[in-house]
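Okay, sequence plus prediction incoming.
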Amino acid sequence: MEKTCGEDELTLTVTRLNSESKRRKICKSLEKYKADSAGILRSLQEHLDTLETDIEKKSLEVETKENKLQGLTLKLGKIQKQIKVAEIESGDKEKELDLLKNQIKSEENQLQVLSLNLGKIQKQIEQQTNVVEAKAREIKAIEIEAGGKRKELDLLRNQITAEEMALIELKKLVQNTQRELELKKKELRQTSSVFVKNEQQPVAAETEQFSGDPLMRYEISSVSLGHHEVSNVLRAKPDPGRYVLNLVEGEVKDAHRKKESGLRELLVENLVVFIEELAEIKGWDQAQLQLKATQVATIWKRLISIEAPRSSLEALAFLLFIVAYGLKSLINEEETALLVTSVSHYKQGPKLFHSLGLELKIPDYVLGLINNRHYIPAVRLVCLFKLTDFQPQTLLMKEVIDLKRSALEKAENKDVGRLRAIVELAADYKLDIDLPADLIAKLMFHKENSTPPVLHCAVEAPSPSANGGSSGSRVGLQVPKRETEPFVIPLKNGRF
């Protein structure tokens, strides 16, 4: 038992010794680990301190960079604004440059025209110089001949003196003959007055419809009539609509019977005046005359050849007639388009567009006129219908430029008419345009030095004589002949 206890104690002692040695080893290991960990921690702490220092430096650098970035951002904004302003200014400069280029081209064209005119003028001056030199030579030759002619002139003067004496004797003889002729005229008047009384009654029946009408003393196809006198005549008629219809019917049927291709120009001018003045008169019965007016218009329609009207003035008169008598259904849309294209250059043209219901087609039609360089009727339509897509002043100035080119080459009567139309159009619609003074002076000079064609007409006017008879005196009338120059814009299938 004691042996066993001793063994146990020995075992315990050995065990204790073993555990202490292990503990010492463990403690040494722990101390070594602590020492190593402390070294690692110190190195980590040093590294962290270094990192913090670096971070602070980087933060300062970042703040510095941010401040610089903000400054650069502000500068960039200013530069962008400056770029936008520069772009706007560049656009304006480009527009100004385009305008200057156009002006330069226009000035170059005008310079070319002036150069051509200068060359022509120089040639004319050379020709005139040659003519003057030739005339000077002729004058010298004539002066030489004049010396010999003076002697002949003295001889002729002596002969004239002798002839004057003979003429005095002949004058006395003529006076005696005139007295005898006056006696014969008195006898002839007495005889003719009896004959006229016997013939007056049959003639009065034929001229009853025109009695008391001073305009009918002249043939309507021979004398140009004014609006004022036509208006006075129509307002004095009890039925002006029937009066004008009878007038048109007579002329249209007469032309149809003679198989003519249309009415005469002066006659058509007068019919336009009659129909225009009729449209200003209220109260006449249109419906009562429509049947007869339709018959007349149908014949007239065949005369004027709608597909290719011979006269734009007659086409105008025809359209005014069918509008005045309410016959718009007599022509279809295609025929209407063909007719109005030939009358738009007249002042009455735009009103016809209203009356015929063509307002919606006006812009396309104006564009067609502009493409064909017919600026005056285009401006008239733009102003009348107040079209905002077109600039009337610009279009009218294009007409002025075309007129200047035409007139500088060779001024004609139609150029004077174009200038008058431009001035009237600008005045009617208050358009501000710049007319070159040299153009006005040239056309006015041409007008003063040109003689318009005249139409001569002789009219018998009765005048009382001393013995109660009547003798005819001829009154010569001179009426300027109007000239029109129609144009037709080609249309697709005859439509707008």
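Structure's in. What do you need? Numbers count the residues shown, from 1 in each chain.

ok but Leu387 is inside a strand, no?
No - going by DSSP: H, G, I helix; E, B strand; the rest coil, the assignment for Leu387 is coil, not a strand.

Phi, psi for it please.
Backbone torsions of Leu387, given as degrees, to the nearest 10, read phi -80, psi 120.

Does it touch Ile362 like I think?
Yes - taking contacts as Cβ atoms under 8 Å, Leu387 lies within contact range of Ile362: 6.8 Å. For the C-beta atoms, the positions are set from N, CA and C on the backbone; glycine is no exception.

Compare those two (neighbour count), which wins?
Ile362 (18 against 15; other Cβ atoms under 10 Å).

In three-state terms, label the more buried one for me.
Assignment for Ile362 (three-state DSSP): helix.

That one against Phe390, yeah?
No - using Cβ under 8 Å, Ile362 is not in contact with Phe390, being 10.3 Å away.

any common contacting residues for those two?
Contact with both Ile362 and Phe390 is made by no residue, according to Cβ atoms under 8 Å, 6 or more residues apart in numbering.

Identify the contacts common to Leu387 and Ile362.
With Cβ under 8 Å, 6+ apart, Leu387 and Ile362 have common neighbours Leu381.

contacting residues around Leu435?
Counted by Cβ under 8 Å, 6+ apart, Leu435 has contacts Val400, Leu419, Ile422, Val423.

In contact with the third one, which residues are there?
Which is Ile422. So Ile422 contacts Ile376, Leu396, Glu399, Val400, Leu403, Ile433, Leu435 (Cβ under 8 Å, 6+ apart).

Buried subset of those residues as a ChimeraX selection?
The command below creates a ChimeraX selection of those among the contacts of Ile422 that count as buried (16 or more other Cβ atoms under 10 Å):
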select :376,396,399,400,403,435
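
will you turn the contacts of Ile422 into TSV that also has distance to Glu229?
Listed next are the contacts of Ile422 as TSV, based on distance: Cβ to Cβ, whole Å:
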residue	distance to Glu229
Ile376	29
Leu396	33
Glu399	33
Val400	35
Leu403	33
Ile433	35
Leu435	34
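
In three-state terms, how would Lys430 be classified?
coil.

I'd like to know how far it sits from Met397.
Distance from Lys430 to Met397, counting by Cβ to Cβ, to the nearest Å: 15 Å.

Between those two, which has more neighbouring residues?
Counted by other Cβ under 10 Å, Lys430 and Met397 do not tie: Met397 has more neighbours, with 17 against 7.

any idea how far Ala426 is from that one?
10 Å.

in the stretch 301-450 of the chain, which spans are helices?
312-324, 333-340, 349-355, 362-371, 375-385, 392-409, 413-428, 437-448 (DSSP state H, counting those that start in this stretch).

Please read the previous query as pertaining to the stretch 101-250 of the chain.
Under DSSP H, counting those that start in this stretch, the stretch 101-250 of the chain gives helices at 227-236, 240-257.

Can you say which of those helices is nearest to Lys347?
helix 227-236 (12.4 Å; Cβ to Cβ).

Identify each buried residue in that closest one, please.
Buried residues in helix 227-236 (16+ other Cβ under 10 Å): Val230, Ser231, Val233, Leu234.

which two in the residues you listed are spaced the farthest apart?
Farthest pair in the buried residues of helix 227-236, by Cβ to Cβ: Ser231 and Val233, 7.4 Å.

Mean pLDDT added to the helices of the stretch 301-450 of the chain, as JSON lines?
Putting the helices of the stretch 301-450 of the chain into JSON lines (pLDDT from 0 to 100) gives the following:
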{"stretch": "helix 312-324", "mean pLDDT": "90"}
{"stretch": "helix 333-340", "mean pLDDT": "76"}
{"stretch": "helix 349-355", "mean pLDDT": "80"}
{"stretch": "helix 362-371", "mean pLDDT": "84"}
{"stretch": "helix 375-385", "mean pLDDT": "82"}
{"stretch": "helix 392-409", "mean pLDDT": "84"}
{"stretch": "helix 413-428", "mean pLDDT": "80"}
{"stretch": "helix 437-448", "mean pLDDT": "67"}
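
Return the most buried member of those helices.
helix 312-324 (a mean of 24; mean count of other Cβ atoms under 10 Å).

Counting by contacts, list what it packs against.
helix 265-279, helix 290-304, helix 333-340, helix 349-355 (3 or more Cβ pairs under 8 Å, 6 or more residues apart in numbering; DSSP states H and E).

Quick one: closest of the ones you listed to Asp92.
helix 349-355 (38.5 Å).

So which elements touch that closest one?
Against helix 349-355 (3+ Cβ pairs under 8 Å, 6+ apart) you get helix 312-324, helix 333-340, helix 375-385.

Pull the distance from the longest one to the chain's centre.
A distance of 22 Å separates the C-alpha centroid of helix 312-324 from that of its chain, computed with Cα atoms, centre = their mean, to the nearest Å.

TSV for the helices of the stretch 301-450 of the chain, including distance to Thr298?
Formatted as TSV, the helices of the stretch 301-450 of the chain follow (distance: least, Cβ to Cβ, whole Å):
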stretch	distance to Thr298
helix 312-324	10
helix 333-340	13
helix 349-355	20
helix 362-371	27
helix 375-385	29
helix 392-409	39
helix 413-428	34
helix 437-448	43
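
wait, which of those helices is closest to Gly91?
Across the helices of the stretch 301-450 of the chain, closest to Gly91 is helix 392-409 (Cβ to Cβ), at 21.7 Å.

still on that earlier bit, please enumerate the shared neighbours of Met397 and Ala426.
Common neighbours of Met397 and Ala426 (Cβ under 8 Å, 6+ apart) are Ile433.

what helices or strands is the one helix or strand Glu52 maps to leaning on?
Using DSSP states H and E, Glu52 sits within helix 2-206. Identification of packing neighbours for helix 2-206 by 3+ Cβ pairs under 8 Å, 6+ apart yields helix 392-409.
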